[in-house]
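J.: I'll drop the sequence and a predicted model, then ask my questions.
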Amino acid sequence: MLYACVSLCVVLVAVWMVCRPVIKVGIDDQGAYLFDDRYFFRLVFVRANGFQLIAKVETEQASWWHYVLPPYRVIYCDNLPKSSYRRLRSFAAQQILLRRSEDAKKRFNV
């Protein structure tokens, strides 16, 4: 009976892995985005390096919970093709540097 339960769990996990929606990450003229099944989110990159990109998910309907614990997505280098990851990493680095320079301008112009 135990083997039947374990094998059923393994089969259910395998079916879930195959049937789960594909998450698409890309760049358009308004910035980086994440398309998850039915939802479309904008990404604001927080950290970028050779192994992972960490992005904060910008939602239009921000609840109080998003201010307490903002949703983040981690994109690993093996989740995307090498050229796509390089392009996304370059965009993330530009976005991070631009945001830092805008923050510095605001701080020193006050």
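T.: Thanks, I have the structure now.

J.: List the residue ranges of this structure that fall below the pLDDT cut-off.
T.: Counting by pLDDT under 70, the chain has low-confidence residues at 21, 61-64, 66, 110.

J.: repeat that with 90
T.: 1-42, 49-50, 56-73, 75-81, 83-84, 99-110 (pLDDT under 90).

J.: on contacts alone, who are the packing partners of the longest helix seen in it?
T.: Taking DSSP state H as the criterion, the chain has its longest helix at helix 82-109. In this structure, helix 82-109 makes packing contacts with strand 23-28, strand 31-36, strand 39-48, strand 52-58, judged by 3 or more Cβ pairs under 8 Å, 6 or more residues apart in numbering; DSSP states H and E. From N, CA and C alone the C-beta is placed, and that goes for glycine too.

J.: Could you tell me how far the residue sitting nearest the centre point of the chain is located from Glu102?
T.: Centrality entry for the chain: nearest residue to the mean C-alpha point is Arg73, 3.4 Å, by Cα atoms, centre = their mean. From Arg73 over to Glu102 the distance is 23 Å, taken as Cβ to Cβ, to the nearest Å.
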